[in-house]
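A.B. asks: Here's my sequence, what's the structure:
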Amino acid sequence: VSIHAPVKGRPKQVSNVWVVIMDSDRYKMRVHEGFRLQDVHCKGSLSLFGDDPLEHRALAEQVCKEVWHPEKSRYLSAKGKKVSGAHYLDCIYGCMVGAVKLGVNLIADNVRKKVKLSELQAQKRAERRR
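C.D. replies: Purely as a prediction, here's the structure:
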């Protein structure tokens, strides 16, 4: 599953409010993937401070309130209904969107080098000759 989701377009100002168009489900997936990474020093990992798990219980409950439903291709509650009250999750992915708009690369994407079609054809010809 690709979790790279660039924010599209430029921010627009509507009635003194800045509006950014983004794919919220992809950014929710980034949040969930960030917490799943085992190594906290890995790029894109998310961690919480402190040793007392009760300090972060409300945050954990709200972040885990929504799960990905592949058959519907969207985030819903564990019971398959729309979720209300997952504001912490929304705040975390909103901060990710803001960071991306400012140019911060949160997760090391597998960036592929651009290759010309002629170069690919030359590689194929060289492979056939061997």
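A.B. asks: Any idea which residue is closest to the centre of the chain?
C.D. replies: Arg30 (2.7 Å; C-alpha atoms, centre = their mean).
A.B. asks: pLDDT wise, what is that residue at?
C.D. replies: Per-residue pLDDT puts Arg30 at 86.
A.B. asks: What is the strand or helix carrying it packed up against?
C.D. replies: According to DSSP states H and E, Arg30 maps onto helix 24-36. Contact analysis of helix 24-36 by 3 or more C-beta pairs under 8 Å, 6 or more residues apart in numbering; DSSP states H and E lists helix 57-63, strand 66-69, strand 74-77, helix 87-101 as its packing neighbours. To be clear about C-beta, it is placed using only N, CA and C from the backbone, and glycine gets the same treatment.
A.B. asks: coming back round to it: wait, the residue nearest to the centre of the chain touches Gly94, no?
C.D. replies: No - counting by C-beta atoms under 8 Å, Arg30 sits too far from Gly94 to count as a contact (11.7 Å).
A.B. asks: helices and strands of the chain: which one bottoms out on pLDDT?
C.D. replies: Averaged element by element with mean pLDDT, DSSP states H and E, the chain has its least confident helix or strand at strand 8-14 (a mean of 59).
A.B. asks: And the next helix or strand past that strand?
C.D. replies: Scanning forward in sequence from strand 8-14 by DSSP H and E, the next helix or strand is strand 17-21.
A.B. asks: chain center to that next one, what's the gap?
C.D. replies: Chain-centre distance of strand 17-21: 19 Å, with C-alpha atoms, centre = their mean, to the nearest Å.
A.B. asks: Just the CA atoms of that strand, as PDB, please.
C.D. replies: Once non-C-alpha atoms are left out, strand 17-21 reads as follows in PDB (Å, rounded to 0.1, in the frame of the first residue of the first chain):
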ATOM      1  CA  VAL A  17      -9.900  31.000   5.700                       C
ATOM      2  CA  TRP A  18      -7.100  29.100   4.000                       C
ATOM      3  CA  VAL A  19      -8.400  25.900   2.400                       C
ATOM      4  CA  VAL A  20      -6.200  23.000   1.400                       C
ATOM      5  CA  ILE A  21      -7.500  20.000  -0.600                       C
END
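A.B. asks: okay, the angle between that strand and helix 87-101?
C.D. replies: Strand 17-21 runs at 90 degrees relative to helix 87-101, counting by axes from the mean of the first three to the mean of the last three C-alpha atoms, to 10 degrees.
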